[in-house]
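Q: with the sequence up front, the predicted model follows.
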Amino acid sequence: MIRVAVRPQWVLFLIFVMAGAAVFAWLGKWQVERAIDAARPVNAQTEVVAPLSSLTPPGVPVVETAGAHMATVTGAQVPDSFTVLSGRLNFGTAGYWVVGRVVTAGQGSSAVSLPVAYGWASSQNQAEQAIVSLNAQAKMQRPASTFTGRFMPAEAPAAPNRGAPATEQNTLAPAALINQWPGYQGSVYWGYLVENTAPAGLTQIESKPPIDNNEVNWLNIFYALEWMVFAGFAFYIWWRLVKDAWEREQEEKALLAGQAPGQTPPGEK
């Protein structure tokens, strides 16, 4: 059988099988890596404060490693850009967020806008009173301030709650805010900063670090085992074909010798 296996056609076929098995092995390795990646924490350094510009550029969706990361940014508050968001939970209690616009220095002379959630209020009247104070501070044209908090990915725009005015907002969506900001130009971060320190009249917004609840993806492990089985099956097919060829040759030799399987040898009855 070894003499049959080393013939050129079967050697070439073995090389083809080995190439296919190598592809199957690579696919199995890729599936294992996917399973391992799924079990890794998205970002183990979220509580280390980093400059916002180092986490994500403006104008693009927020990547996983930047979402919920503690960040710092220096910029100026823009007057008349404050908004009240309704239906915002804070430690389980529904209330309102006060959101404003901070302009930071981008590349060159371009300005970059960042939505900032300043604080939480239990009533809309309380939130509107805080806006009056924040507007007065912004109109004083103070030097740029430093803001520190948790940077969160942008939320999708949502319809107002039932029975609420059509202009009511309940999600922090930069795509909706830029239509309300006076004199908006430049680019915007597609996320928002939850300020660590709430201004007077507001309560600090609850800001929790991301929970690492990732688990091994056993479906990827199962697929990896399947690819290993396919690789082994490829070698089995080669061995089975070589053996079939060898058995056919043995049968042909037996027929030529007059001793085909099942034939009564001469002289026997």
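A: That came through fine. This is a predicted model, so every value here is computed, not measured.

Q: got phi/psi on the spatially most central residue of the chain?
A: Central residue of the chain (C-alpha atoms, centre = their mean): residue 64, 5.2 Å from the mean position. Per-residue torsions, residue 64: phi -60, psi -40 (degrees, to the nearest 10).

Q: how distant is stretch 168-184 from the center of its chain?
A: The chain centre lies 25 Å from the centre of stretch 168-184; the measure is C-alpha atoms, centre = their mean, to the nearest Å.

Q: measure it end to end?
A: Start and end residues of stretch 168-184 are separated by 21 Å (C-alpha to C-alpha, to the nearest Å).

Q: pLDDT of it, averaged?
A: Averaging pLDDT along stretch 168-184 gives 89.

Q: same check, this time on stretch 23-35
A: 86.

Q: then stretch 245-263?
A: Rounded mean pLDDT across stretch 245-263 is 76.

Q: can I get that stretch in PDB? Just the C-alpha atoms.
A: C-alpha atoms of stretch 245-263 as PDB (Å, rounded to 0.1, in the frame of the first residue of the first chain):
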ATOM      1  CA  ALA A 245      -6.800   1.900  -5.300                       C
ATOM      2  CA  TRP A 246      -4.500  -0.700  -3.600                       C
ATOM      3  CA  GLU A 247      -7.400  -3.100  -3.100                       C
ATOM      4  CA  ARG A 248      -8.400  -2.900  -6.700                       C
ATOM      5  CA  GLU A 249      -4.900  -3.700  -7.800                       C
ATOM      6  CA  GLN A 250      -4.800  -6.700  -5.500                       C
ATOM      7  CA  GLU A 251      -8.100  -7.900  -7.000                       C
ATOM      8  CA  GLU A 252      -6.800  -7.500 -10.500                       C
ATOM      9  CA  LYS A 253      -3.700  -9.400  -9.700                       C
ATOM     10  CA  ALA A 254      -5.800 -12.200  -8.200                       C
ATOM     11  CA  LEU A 255      -8.000 -12.300 -11.300                       C
ATOM     12  CA  LEU A 256      -5.000 -12.500 -13.500                       C
ATOM     13  CA  ALA A 257      -3.600 -15.400 -11.400                       C
ATOM     14  CA  GLY A 258      -7.000 -17.200 -11.700                       C
ATOM     15  CA  GLN A 259      -7.800 -16.800  -8.100                       C
ATOM     16  CA  ALA A 260     -10.500 -14.200  -8.100                       C
ATOM     17  CA  PRO A 261     -12.300 -13.900  -4.700                       C
ATOM     18  CA  GLY A 262     -15.100 -16.500  -4.500                       C
ATOM     19  CA  GLN A 263     -13.700 -18.700  -7.300                       C
END
